[in-house]
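>>> Make a model of this:
(one chain, ligands or ions: 2)
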Amino acid sequence: MTAIVDVDNLTKTYDGGLTALSGVSLRIEQGEIIALLGPNGAGKTTLISALCGITSPSSGRATVGGHDIVTGYRKARAMIGLVPQEVALEPFERVINTVNFSRGLFGRRRDDALTEKILRQLSLWDKRRARIRELSGGMKRRVLIAKALVHEPRVLFLDEPTAGVDVELRRDMWRVVEGLRADGVTIILTTHYIEEAEAIADRIAVIDKGRILLVEEKTALMTRLGRKTLRIDLREPVEAVPASLADYDLELAPDGRSLSYHYDTRGDGTGITRLLQALAAAGLGLRDIQTTQSSLEEIFVGMIREGAA
Ligand SMILES: Nc1ncnc2c1ncn2[C@@H]1O[C@H](COP(=O)(O)OP(=O)(O)OP(=O)(O)O)[C@@H](O)[C@H]1O
Ligand SMILES: [Mg+2]
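Residues are numbered from 1 along each chain as shown. Ligands and ions are numbered 1, 2, ... in the order given. From the prediction side, this is the model:
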């Protein structure tokens with residue numbers, strides 16, 4: 001199957017000479033929800049802007065729905081809904097007109113029932129007659145989402161849609177995303193909230209300094225997240241891990257005074273009970289034990305540091 005978004009070796013160097021994307025390749029299947037994670041300045045917005053035709057790539061190519069983003073710009077763009085990172089709305093326009101106008105921009109006939117459904121989903125229906133400037137910051141973000149959805153895009157880019165918004169909007173947005181997923185809409189989301197990526201993404205891509213460092217199924221990443229380490233300090237140092245404990249893949253500290261055991265908290269059993277019994281059977285006395293867990297956040301920070309090295 002061809003990918004609905006296919007990015008091949010895309011590079012973007014801005015006029016000042018800054019390279020914001022270097023050789024980005026990424027294939028996204030139809031109906032997938034992918035979260036782009038990365039620090040400020042990583043290139044997330046640049047990638048989205050390139051795919052939406054807001055900024056032109058310096059080299060490489062990309063297609064959306066099979067349409068080249070440069071040569072087939074209009075067809076590609078017609079499939080795309082974009083919720084931009086920055087709020088850009090006409091302050092004196094009314095909510096409902098703003099949303100209807102967005103649909104018209106794509107040459108779609110006005111659809112009052114659809115506009116109403118979207119405004120209700122985003123809790124904006126009561127505010128439909130309000131002017132944009134009378135809305136709070138979070139409400140403006142909701143309008144941006146409504147605008148992005150009203151022409152029924154097949155591919156939706158959400159560039160930090162929930163930055164600085166309250167828990168309720170975040171939940172509303174997650175619900176909207178679930179509904180879109182059910183309709184087969186492909187969603188590319190950037191976020192600095194790792195729990196948001198956990199809640200809604202199928203795959204996670206990590207980007208830093210214009211390069212994709214990793215693309216992985218969320219569940220696989222979560223398994224890594226579920227990894228914990230049990231450190232066992234021994235009463236007496238040992239030269240080597242006793243042969244009877246070979247099955248546990250224990251790591252012996254260089255000074256021989258502690259053993260580390262890695263286990264998965266999401267598995268059926270951690271194996272800790274058996275391990276402790278086996279340690280006793282091998283005649284090893286314990287001085288202390290402790291556990292540590294690597295968070296998704298730590299995994300990212302570690303990855304980005306390694307990338308920088
Ligand atoms: N129009 C522009 N002209 C020149 N440089 C730019 C422009 N837009 C972005 N950049 C630079 O490109 C790099 C990537 O920026 P980008 O906005 O893509 O990052 P981001 O990953 O979206 O960051 P954030 O998490 O802060 O939104 C940054 O170094 C930024 O300063
Ligand atoms: Mg950005």
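>>> can we go C-alpha only for contacts and neighbour counts from here?
Will do.
>>> Give me the most central residue, this protein.
Nearest to the mean C-alpha position of the chain, by Cα atoms, centre = their mean, lies Ala35 at 2.0 Å.
>>> That one and ligand 1, how far apart?
12 Å (Cα to the nearest ligand atom, to the nearest Å).
>>> Assumed that residue was part of a helix.
No - in this structure, Ala35 is strand, not part of a helix, as judged by DSSP: H, G, I helix; E, B strand; the rest coil.
>>> where's it relative to Leu214, distance?
As judged by Cα to Cα, to the nearest Å, Ala35 and Leu214 stand 11 Å apart.
>>> Kindly report the same for Val176.
Val176 is 27 Å from Leu214, by Cα to Cα.
>>> between the two, who's got more neighbours?
Between Val176 and Leu214, Val176 has the larger neighbour count (other Cα atoms under 10 Å), namely 17 against 14.
>>> ok, and what's touching the helix or strand harbouring that one?
Using DSSP states H and E, Val176 falls within helix 167-182. With contact meaning Cα atoms under 8 Å, 6 or more residues apart in numbering, helix 167-182 is reached by Gly31, Glu32, Ile33, Gln121, Leu122, Gly138, Arg142, Thr162, Ile187, Ile200.
>>> Now the second one: closest residue in space that isn't a chain neighbour?
Spelled out, it's Glu32. Thr186 (5.0 Å; Cα to Cα, 6 or more residues apart in numbering).
>>> Now do that neighbour, the pLDDT please.
What the model reports as pLDDT for Thr186 is 96.
>>> Okay, and the beta partners of it?
Thr186 has these beta-bridge partners by DSSP bridges: Val155.
>>> where do the contact lists of Ala35 and Leu214 overlap?
If you check Ala35 and Leu214 against Cα under 8 Å, 6+ apart, the residues they both contact are Ile204, Ala205.
>>> can you pick the most crowded of the contacts of helix 167-182?
Among these, the one with the most neighbours (other Cα under 10 Å) is Ile187, at 27 neighbours.
>>> Surely that one touches Ile34?
Yes - Ile187 lies in contact with Ile34 (Cα atoms under 8 Å); the separation is 6.3 Å.
>>> didn't Ala78 look like it was pressed against Val155?
No - with contact defined as Cα under 8 Å, Ala78 does not reach Val155; the gap is 9.5 Å.
>>> Between the two, point out the one with more neighbours.
Comparing Ala78 with Val155 by other Cα under 10 Å, the one with more neighbours is Val155, at 28 against 20.
>>> Tell me where the model's unsure across the chain.
Within the chain, the stretches with pLDDT under 70 are 1, 224-226, 266-267, 293-299, 301-302, 306-309.
>>> can you pull out the strands in it?
Using DSSP state E, the strands of the chain run over 5-13, 19-28, 33-37, 59-64, 67-68, 80-83, 155-159, 186-190, 203-208, 211-217, 227-234, 251-252, 258-264, 286-293.
>>> Could you dump those into TSV and include distance to Ala278?
Output for these, formatted as TSV (distance: least, Cα to Cα, whole Å):
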stretch	distance to Ala278
strand 5-13	52
strand 19-28	47
strand 33-37	42
strand 59-64	56
strand 67-68	61
strand 80-83	56
strand 155-159	51
strand 186-190	47
strand 203-208	39
strand 211-217	35
strand 227-234	13
strand 251-252	15
strand 258-264	13
strand 286-293	12
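>>> so which of those strands gets nearest Lys127?
strand 80-83 (19.4 Å; Cα to Cα).
>>> which residues sit against the closest one?
Here strand 80-83 has contacts from 52, 144-145, 147-149, 151-159, 161, using Cα under 8 Å, 6+ apart.
>>> Parallel or antiparallel, list what pairs with it.
In the sheet, strand 80-83 lines up with strand 155-159 (parallel) (DSSP bridges).
>>> what about the partner strand, near ligand 1?
No - applying Cα under 6 Å from any ligand atom, one finds strand 155-159 separated from ligand 1 by no less than 7.9 Å.
>>> chain center to that strand, what's the gap?
11 Å (Cα atoms, centre = their mean, to the nearest Å).
>>> do the same with stretch 253-273
30 Å.
>>> Same check on stretch 140-153?
Taking the mean of its C-alpha atoms, stretch 140-153 sits 20 Å from the chain's own mean (Cα atoms, centre = their mean).
>>> outside of that stretch, which residues touch it?
78-84, 87, 95, 98-100, 102-104, 106, 108, 114-115, 118-119, 122, 124, 132, 156, 161-162, 169, 185.
>>> swap in stretch 193-209?
Against stretch 193-209 from outside (Cα under 8 Å, 6+ apart): 20-21, 32-39, 41-44, 174, 177-178, 191, 212-219, 296-297, 300, 304, 307.
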